[in-house]
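K.L.:
Just a sequence and a predicted model for now, questions to come.
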Amino acid sequence: MLTRKMLKAMGIEEDVIEQIIEAHTETVDALKEQRDGFKADADKAKGLSSELEKVQKQLKEALEDDTQDELKKQNDEQAKEIEKLKKANESLQSEFDSYKSDAEAKDVQRRKSDAYKELLEKAGIAPKYAGKVLKVTSLDNIELDDDGSVKDADAAIEGIKSEWSEFIATKGTKGAEPENPPTQTKTVQGVSDRAKRIIAEHYEKKYGKSEE
């Protein structure tokens with residue numbers, strides 16, 4: 001550091017020493033002021049940097065939260081759509097199963113009806129009466145073989161012959177020929193009382209008793 005003692009030792013005159021000291025002091029003060037300014041700027045920059053980092057962190061967290069919220073919203077919407085599709089698929093599957101079950105039941109009933117009608121004709125029931133007898137016959141207990149024929153056909157035919165004997169024509173004897181189909185509300189011309197009673201009983205079992 002420049003001092004008066006150093007200047008005197010150098011042989012510089014007093015008035016010149018004063019000027020040098022004054023100029024040196026001004027220079028040193030200016031440098032200090034500049035140094036303090038730089039330090040203040042550095043501290044300010046450091047503070048701004050810290051604030052910037054804080055803002056950046058907050059922004060990042062906000063963006064992450066928004067992204068997570070958006071992803072969660074999209075995931076919830078997709079889950080709802082999947083649930084709707086699942087329910088729609090279950091409904092369609094249920095409708096299909098019901099349709100399939102009904103179709104299979106109707107097909108089985110049709111095959112049973114066709115097979116039993118053949119037995120009626122084999123038993124001697126005239127074709128014109130077979131359909132009427134079939135209407136009052138329960139097919140629930142009838143079982144079919146793999147080829148579609150009625151199981152124990154011979155026994156079934158004997159049962160038909162016994163139950164519907166009045167509708168079987170024998171040699172030299174003309175079978176019953178009612179003018180109208182057997183019903184509960186119309187009389188049957190040419191059919192014996194027993195035949196009418198049998199038809200009435202079967203009709204009542206299948207359709208319930210009708211009002212006269």
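P.N.:
Happy to help now that I have it. Treat the numbers as computed from the prediction; the structure is a model and nothing was measured. Numbering: from 1, shown residues only.
K.L.:
Show the secondary-structure elements that the helix or strand containing residue 120 is packed against.
P.N.:
When elements are defined using DSSP states H and E, residue 120 is found to belong to helix 14-122. The elements that helix 14-122 packs onto, with contact taken as 3 or more Cβ pairs under 8 Å, 6 or more residues apart in numbering; DSSP states H and E, are helix 4-9, helix 127-135, helix 153-163. Backbone N, C-alpha and C define where each C-beta goes, glycine included.
K.L.:
avg pLDDT for it?
P.N.:
Mean pLDDT, computed over helix 14-122, is 82.
K.L.:
on that earlier part again, output the helices and strands packed on helix 14-122 as JSON lines; include the columns mean neighbour count, distance to residue 109 and mean pLDDT.
P.N.:
Listed next are the helices and strands packed on helix 14-122 as JSON lines, based on neighbours: other Cβ atoms under 10 Å; distance: least, Cβ to Cβ, whole Å; pLDDT from 0 to 100:
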{"stretch": "helix 4-9", "mean neighbour count": "12", "distance to residue 109": "131", "mean pLDDT": "71"}
{"stretch": "helix 127-135", "mean neighbour count": "17", "distance to residue 109": "11", "mean pLDDT": "81"}
{"stretch": "helix 153-163", "mean neighbour count": "14", "distance to residue 109": "17", "mean pLDDT": "86"}
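K.L.:
okay, those helices in a markdown table with distance to residue 118 next?
P.N.:
A markdown table is the format used below for these (distance: least, Cβ to Cβ, whole Å):
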| stretch | distance to residue 118 |
| --- | --- |
| helix 4-9 | 143 |
| helix 127-135 | 9 |
| helix 153-163 | 9 |
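K.L.:
To residue 92, which of those lies closest?
P.N.:
With distances scored as Cβ to Cβ, the stretch of the helices and strands packed on helix 14-122 nearest to residue 92 is helix 127-135 (35.9 Å).
K.L.:
The closest one to helix 153-163, inter-axis angle?
P.N.:
Put simply, helix 127-135 runs at 100 degrees to helix 153-163, going by axes from the mean of the first three to the mean of the last three Cα atoms, to 10 degrees.
K.L.:
Where does residue 139 sit: helix, strand or coil?
P.N.:
Each residue gets one of three states, and residue 139 gets coil by DSSP: H, G, I helix; E, B strand; the rest coil.
K.L.:
what's the distance between it and residue 165?
P.N.:
If you measure residue 139 against residue 165 using Cβ to Cβ, to the nearest Å, the figure is 21 Å.
K.L.:
same deal with residue 94?
P.N.:
Plainly put, residue 94 is 48 Å away from residue 165 if you go by Cβ to Cβ.
K.L.:
higher neighbour count, those two?
P.N.:
A direct count of neighbours by other Cβ atoms under 10 Å for residue 94 and residue 165 places residue 165 higher, at 16 against 10.
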